[in-house]
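Asker: no FASTA, just this:
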């Protein structure tokens, strides 16, 4: 006999709440949907489970019999399913600059789902998501690799990184166009700034290239060029020989949580959607709710 587990849980809720309205609220299901589910269960079993009037909903003798047998069975099933989730983890790749509130969100996600989140530092364009070494990845920019689904988290303003001994370091603000007149330090693997972001004929020359954020910061400190970074990241990663100067008109840096379009971990979309709902609060280090 093909019985839907959702219908059994719906039956249990109606029996325990004493009505469809209260049971619908408990299950976060619309009352008409719940009514159809109970009717489908009754048709599958070939018995009436509830006596319904305009004033009350009561179990029939068959309904009471099912309720008595179902309670311990579903309790045992829930215990087995909970045990299955224990020890499960999601590997979240990042190249640099985790949002301030993401660790707290991960801890809350673990408490609610039983799935822990492990942060994996890796320097590659897709934070090793393309190799299957991680289940999700924190990616920045608008040009995300193909074959991924992503949840948008927030846009961050951009600051200029300049050598502390350059005249630019004394400025309170710089414009995007001004930076084109100086050599650019480019992080080719996980950076957010490339010369083609400026109009043709007005693009900066490349002063140096590197493969990760730490090397990028050191090359700026040496005076090999300037660079740009998200404002939130600059607040977390400083260098005594680098000054971060606000940009008046720099393009925003989009931050996403991405996972494979096919074959993703079953919990990856859930974590991405939870993070998307938090949005800007993650960047600022606070969480709603």
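Answerer: Happy to help now that I have it. Predicted model, so just to flag it, every value in this text is computed and none were measured.

Asker: contacts only, for the closest residue to residue 243 other than its chain neighbours.
Answerer: Spatially, and ignoring its direct neighbours in sequence, residue 243 is nearest to residue 169 (4.0 Å; Cβ to Cβ, 6 or more residues apart in numbering). C-betas here are computed from N, CA, C, even on glycine. Neighbour list for residue 169: 162-163, 243, 245 [criterion: Cβ atoms under 8 Å, 6 or more residues apart in numbering].

Asker: what does residue 100 give?
Answerer: Residue 100 makes contact with 232, 236, 282-285, according to Cβ under 8 Å, 6+ apart.

Asker: what do you get for residue 230?
Answerer: Counting by Cβ under 8 Å, 6+ apart, the residues that residue 230 touches are 97, 140, 156-159, 192, 253, 255.

Asker: rewinding a little: need the buried ones from the contacts of residue 100 selected in ChimeraX.
Answerer: For the buried members of the contacts of residue 100, the matching ChimeraX selection, counting by 16 or more other Cβ atoms under 10 Å, is:
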select :232,282,283
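
Asker: tell me which two of the contacts of residue 100 sit farthest apart.
Answerer: 236 and 282 (12.9 Å; Cβ to Cβ).

Asker: report how many residues lie close to the closest residue to residue 198 other than its chain neighbours.
Answerer: Nearest residue to residue 198 in three dimensions, chain neighbours excluded: residue 180, at 5.0 Å (Cβ to Cβ, 6+ apart). When neighbours are counted by other Cβ atoms under 10 Å, residue 180 registers 18.

Asker: what sits against residue 180?
Answerer: 198, 202-204.

Asker: what's the closest of those residues to residue 267?
Answerer: Among the contacts of residue 180, residue 198 lies closest to residue 267 (Cβ to Cβ), at 40.6 Å.

Asker: hmm, the closest one is touching residue 205, no?
Answerer: No. Assessed by Cβ atoms under 8 Å, residue 198 is found out of contact with residue 205, at 11.0 Å.

Asker: look up how far residue 42 lies from the residue nearest to residue 243.
Answerer: The gap separating residue 169 from residue 42 is 76 Å, by Cβ to Cβ, to the nearest Å.

Asker: just how off-centre is the longest helix along the chain within its chain?
Answerer: Secondary structure of the chain per DSSP state H: the longest helix is helix 61-85. From the chain centre to the centre of helix 61-85 is a distance of 33 Å (Cα atoms, centre = their mean, to the nearest Å).

Asker: got the contact list for that helix?
Answerer: Defining contact as Cβ under 8 Å, 6+ apart, one finds that helix 61-85 is touched by 8-9, 11-12, 15, 45, 47-50, 59, 113-115.

Asker: quick one: which of these is most hemmed in?
Answerer: Result: residue 11 is most packed of the contacts of helix 61-85 (other Cβ under 10 Å), 25 neighbours.

Asker: give me the low-pLDDT residue ranges for the stretch 1-150 of the chain?
Answerer: 84-87 (pLDDT under 70).

Asker: sorry, wrong one. I was asking about the stretch 151-289 of the chain.
Answerer: 280, 285-289.

Asker: helices along that one, start to end?
Answerer: Taking DSSP state H, counting those that start in this stretch as the criterion, the stretch 151-289 of the chain contains helices spanning 176-179, 213-221, 231-236, 268-278, 280-284.

Asker: okay if I get those as CSV plus distance to residue 128?
Answerer: Formatted as CSV, those follow (distance: least, Cβ to Cβ, whole Å):
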stretch, distance to residue 128
helix 176-179, 30
helix 213-221, 15
helix 231-236, 20
helix 268-278, 14
helix 280-284, 21
